[in-house]
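A.B. asks: Fold the stuff below for me.
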Amino acid sequence: MCVCFLGAMFCLAQPARLLGLDSSGISLNSLTEVQVENLAILGRVWGFLKYHHPAATSGTKDWDRELFEVMPRILAAPDHLSADAAILRWVEELGRPSIVARASCRRIASAISG
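C.D. replies: This is a model prediction of the structure:
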């Protein structure tokens, strides 16, 4: 799953450069093991929220852009705890979800840190 997510991340950025559209601005030569693990967690949370967070389901946010905007924070995180905190901060920035979605986010956060 992680390899597919990372592959999709880099493939998505390529057409944007070819078409002259906004680039993600993310340029990497290599990834550490911690970065790969943090990106995998981000991918799971982003994928879950895509179908459960009102900002994504209502179409008020460009969900792909949200991923590329939060990704530099996750890549810069020196460890898992810092990445988890950055992901939770990003979720809070998206706006307060409905009580059902908020409960689901808490279950995800527990699974990530546990």
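
A.B. asks: And the lengthiest helix in the chain, what does it pack against?
C.D. replies: Counting residues, the longest helix found in the chain (DSSP state H) is helix 33-52. Other helices and strands packing on helix 33-52, by 3 or more CB pairs under 8 Å, 6 or more residues apart in numbering; DSSP states H and E, are helix 2-19, helix 54-57, helix 63-76, helix 80-93, helix 99-113. (Each C-beta comes from the backbone N, C-alpha and C, glycine too.)

A.B. asks: looking at those helices, which one has the lowest mean pLDDT?
C.D. replies: Between the helices and strands packed on helix 33-52, the one with the least mean pLDDT is helix 2-19; it has a mean of 48.

A.B. asks: tell me the contacts of Ile74?
C.D. replies: Gln35, Asn38, Leu39, Leu42, Ala83, Ala86, Ile87 (CB atoms under 8 Å, 6 or more residues apart in numbering).

A.B. asks: ah, wrong one, I meant Thr60
C.D. replies: Pro54.

A.B. asks: quick one, phi psi at it?
C.D. replies: phi -80, psi -20 (degrees, to the nearest 10).

A.B. asks: Excluding chain neighbours, what is closest to Ile87?
C.D. replies: Of all residues not flanking Ile87 in the chain, Val45 sits nearest, at 5.6 Å (CB to CB, 6 or more residues apart in numbering).

A.B. asks: got it, and Trp90?
C.D. replies: Val70 (4.6 Å).

A.B. asks: That neighbour contacts Ile41, doesn't it?
C.D. replies: No - Val70 is beyond contact range of Ile41, at 11.7 Å (criterion: CB atoms under 8 Å).

A.B. asks: Overlap of the contact sets of the two?
C.D. replies: Ile87.

A.B. asks: What degree of burial does Ala83 show, as a neighbour count?
C.D. replies: 23 (other CB atoms under 10 Å).
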